[in-house]
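>>> Provide a 3D model corresponding to the input given below.
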Amino acid sequence: MKLLLDTHTAIWFFNGDDRLSKRAKAAILAASNTKYLSIASAWEVAVKISIGKLEYKGSSKGFVELALSNGFEVVPIKPEHLKLVEGLPFEHRDPFDRLLVAVAAEERMAIVTTDPNISKYKVKVVW
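Predicted coordinates:
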């Protein structure tokens, strides 16, 4: 299965946070699954660090490097993703999460997230 981690899920996974569900952790660690991080998540980390909403050891660049060193593939933002965002219903107002939904839909990935608003879209959610 192709797994796209939501930003908070990736942070929790990298930090060994107990808020990560056992099912989500098992899915991320399963060798049969391919793990992805959207560059939108790195952008979200950069924005939240800059406005003081996130204390993260390292930078957004370090966040991407950590993902790569843990065997994740980084997904760029493609025009097809943006086109899907334009047509998404406003079940979720967060622009980063809306983009993640579009990436997951276009790339046929499941999203690993605890965010209940994401499950309102036609994407598979793992938690």
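>>> Can you give me the neighbour number for the closest residue to T113 other than its chain neighbours?
Using Cβ to Cβ, 6 or more residues apart in numbering and skipping residues adjacent in sequence, the residue nearest T113 is D6, 3.7 Å away. Using the backbone N, CA and C atoms, a C-beta is placed for each residue, glycine as well. When neighbours are counted by other Cβ atoms under 10 Å, D6 registers 26.
>>> So D6 sits against I118, correct?
Yes: if you go by Cβ atoms under 8 Å, D6 and I118 touch, sitting 7.1 Å apart.
>>> Now do the same contact list for the residue nearest to T113.
41, 97, 100, 111-115, 118 (Cβ atoms under 8 Å, 6 or more residues apart in numbering).
>>> Same question for K124.
Here K124 is in contact with 104, 109-111 (criterion: Cβ under 8 Å, 6+ apart).
>>> now do V85
Going by Cβ under 8 Å, 6+ apart, the list of residues near V85 reads 98-99, 101-102.
>>> Pipe those into CSV and attach neighbour count per row.
Below are the contacts of V85 laid out as CSV (neighbours: other Cβ atoms under 10 Å):
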residue, neighbour count
R98, 22
L99, 22
V101, 28
A102, 25
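>>> which among those residues gets closest to S59?
Distance to S59 across the contacts of V85 (Cβ to Cβ) is lowest for L99, with 20.5 Å.
>>> Next one: the residue nearest to T113 relative to E106, how far apart?
Per Cβ to Cβ, to the nearest Å, D6 is found 16 Å from E106.
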